[in-house]
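Peer 1: Below are the sequence and a predicted model for it; my questions follow.
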Amino acid sequence: MATEARPVPAGTGAGASRRRVLTTAALGSAFAALPGRAVGAEPGASREGAHGGTDHDRGGERAGADGRASRDGGALVRPAESTAKDWAHVAAELGREGSMLGRQIYRTAFPRTDLHVVSHGVTVSPQLAIGSHVSFIRYADNTILTMGELAVTETELHRVTGALQSHGIEQTAIHNHLLAHTPRLVWIHTHGHGPDALPLARGLRAAFACTGTPPAKSSTTPAKKLKLDTAGIDAALGTAGTVYGSVYKSVFRRRETMTDGNYILPLGSGATTALSFQPVGGGCAAVSGDFAVLAGEAQDVLDALQRGGIGIVELHNHGLADTPRMFFIHVWAVGNAVKLARALRRAVAATNVAPAGGAEGGE
């Protein structure tokens, strides 16, 4: 629902403290001079400026925008509603149109159609596992949060991370979605937070320019009927999935209220279990996806996956300042689609999630 340097504990270094002071002063002046208008953030300091300092800098209980307080005592800030028109300047900067997920998340996909990726003999579609995406969220304090995930080749990795860091976009995870695949890919979760969406979008565009990600197509391809028993998959998983390009996707949302620092994440952002089925013939599918789990759920999910013959690719984080602390288990399997769905359902049942309704909210 990417994604998503982070604030560091007080005393970590004079450079960090100086940057925090300068950024906070700059943002305060900008907001005072231009009420209601977003302005650019200093590269590398956007998160600290938006959050008003580190956990150690804040203290005392302050009522948040929803009447609650965060675990560290800072104010909780709600996401604000927006429309696709509100993000026209971001679309222009990114060079492609996005779409709204609900009323609070503006999401743009960057499929890696330039790559021919093969894993365990299966040609992997961009929608199954090799697409990139970024999302933008406006908050009640008029700041902007961007989270995303970039699929890059190993040869692109260092150029991409350099471009992100030079524009103040943070990396919160660098990991795998696939094993035994060619060419070798790496997935980067990104995070940026500041008073203006344009510098954030500009940094993301610079990162994409370091990859072979092709430009947006002028027309979209209508959804096609997949050669899968989608009704059987729905029955096995207990939710209705959605055709998403060349795959069938089922999504589950965490029931907890999720926060990133002092900012409440909208439903479907940052904490979803998303499972995609790509037909490979004969009622079989390649399945790729990830489970959003709490620490206390992880072992039960891993056990259910192992017992169901589902391959485990990775156990890791997507964010650095999320509450409750979330971990993600990436999976891979090839076999009868309905049987795999039944096995996945047992792992889903070990987590505190609710059906999200197809591809919506798969961050």
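Peer 2: Received, thanks. Residues are numbered from 1 along each chain as shown.
Peer 1: Need the nearest residue in space to V124, chain neighbours excluded.
Peer 2: Excluding its sequence neighbours, the residue lying closest to V124 (Cβ to Cβ, 6 or more residues apart in numbering) is V117, at 4.5 Å. Quick note: C-beta positions are derived from backbone N, CA and C, even for glycine.
Peer 1: Also A240?
Peer 2: Closest to A240 by Cβ to Cβ, 6+ apart is D234, at 5.3 Å.
Peer 1: quick one: buried residues of the helix or strand harbouring that neighbour?
Peer 2: Assigned by DSSP states H and E, D234 belongs to helix 230-237. For helix 230-237, burial by neighbour count (16 or more other Cβ atoms under 10 Å) applies to 230, 232-234, 236-237.
Peer 1: Tabulate those residues (a markdown table), appending distance to L94 and pLDDT.
Peer 2: Formatted as a markdown table, these follow (distance: Cβ to Cβ, whole Å; pLDDT from 0 to 100):
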| residue | distance to L94 | pLDDT |
| --- | --- | --- |
| T230 | 32 | 97 |
| G232 | 38 | 98 |
| I233 | 33 | 98 |
| D234 | 34 | 98 |
| A236 | 37 | 98 |
| L237 | 33 | 98 |
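Peer 1: Could you tell me how many residues sit around the residue nearest to V124?
Peer 2: 21 (other Cβ atoms under 10 Å).
Peer 1: And it, how far from P126?
Peer 2: 9 Å (Cβ to Cβ, to the nearest Å).
Peer 1: so what's in contact with these two at the same time?
Peer 2: In terms of Cβ atoms under 8 Å, 6 or more residues apart in numbering, V117 and P126 are not both contacted by any residue.
Peer 1: after the helix holding D234, next one along is what?
Peer 2: Following helix 230-237 toward the C-terminus (DSSP H and E): strand 242-244.
Peer 1: Now do that next one: which elements does it pack against?
Peer 2: With contacts taken as 3 or more Cβ pairs under 8 Å, 6 or more residues apart in numbering; DSSP states H and E, strand 242-244 sits against strand 247-254.
Peer 1: Just the CA trace of the strand it packs on, in CSV.
Peer 2: The C-alpha trace of strand 247-254 is given here as CSV (Å, rounded to 0.1, in the frame of the first residue of the first chain):
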residue,chain,number,x,y,z
VAL,A,247,-4.4,-12.0,-12.8
TYR,A,248,-7.2,-12.6,-10.3
LYS,A,249,-6.7,-10.7,-7.1
SER,A,250,-8.1,-11.1,-3.6
VAL,A,251,-7.4,-8.6,-0.8
PHE,A,252,-7.9,-8.6,2.9
ARG,A,253,-7.6,-5.5,5.2
ARG,A,254,-6.3,-5.5,8.7
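Peer 1: Show me what the next helix or strand after it pairs with in its sheet, parallel or antiparallel.
Peer 2: Per DSSP H and E, strand 247-254 leads on to strand 259-260 as the next helix or strand towards the C-terminus. If you go by DSSP bridges, strand 259-260 pairs up with strand 263-264 (antiparallel), strand 322-323 (antiparallel).
Peer 1: Show the average pLDDT along strand 259-260.
Peer 2: Mean pLDDT, strand 259-260: 96.
Peer 1: Now tell me what touches that strand from outside.
Peer 2: Under the contact criterion Cβ under 8 Å, 6+ apart, strand 259-260 has outside partners 4, 70, 76, 145, 191, 265, 270, 319, 321-323.
Peer 1: Kindly reformat those residues as TSV containing neighbour count and pLDDT.
Peer 2: What follows is the contacts of strand 259-260, written out as TSV (neighbours: other Cβ atoms under 10 Å; pLDDT from 0 to 100):
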residue	neighbour count	pLDDT
E4	31	40
S70	20	55
L76	21	95
L145	29	98
H191	27	98
L265	25	96
G270	28	77
G319	25	93
A321	19	93
D322	19	94
T323	17	95
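Peer 1: in the stretch 1-150 of the chain, which spans are helices?
Peer 2: 14-33, 46-51, 88-94 (DSSP state H, counting those that start in this stretch).
Peer 1: Please apply the same query to the stretch 201-350 of the chain.
Peer 2: Using DSSP H, counting those that start in this stretch, helices in the stretch 201-350 of the chain cover 230-237, 295-307, 337-348.
Peer 1: which sections of the stretch 151-300 of the chain are below the confidence cut-off?
Peer 2: 218-223 (pLDDT under 70).
Peer 1: before we move on, back to that, out of the buried residues of helix 230-237, which one sits closest to V134?
Peer 2: V134 lies nearest to L237 out of those, by Cβ to Cβ, at 27.4 Å.
Peer 1: Run through the residues that contact A349.
Peer 2: With Cβ under 8 Å, 6+ apart, A349 has these contacts: A304.
Peer 1: Would you list the phi and psi of it?
Peer 2: Per-residue torsions, A349: phi -60, psi -20 (degrees, to the nearest 10).
Peer 1: Now do it against D229, distance only.
Peer 2: 21 Å.
Peer 1: Determine the set of other helices and strands touching the helix holding D234.
Peer 2: strand 247-254, helix 337-348.
Peer 1: quick one on the thing from earlier: of the buried residues of helix 230-237, closest to A109?
Peer 2: T230 (21.4 Å).
Peer 1: thinking that closest one is in contact with G241, fair?
Peer 2: Yes: if you go by Cβ atoms under 8 Å, T230 and G241 touch, sitting 6.4 Å apart.
Peer 1: neighbours of A92, just the number please.
Peer 2: A92, neighbours per other Cβ under 10 Å, totals 12.
Peer 1: would you turn the strands paired with strand 259-260 into TSV with distance to A354?
Peer 2: TSV is the format used below for the strands paired with strand 259-260 (distance: least, Cβ to Cβ, whole Å):
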stretch	distance to A354
strand 263-264	18
strand 322-323	19
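Peer 1: T161 is nearest to which of the ones you listed?
Peer 2: strand 322-323 (20.9 Å).
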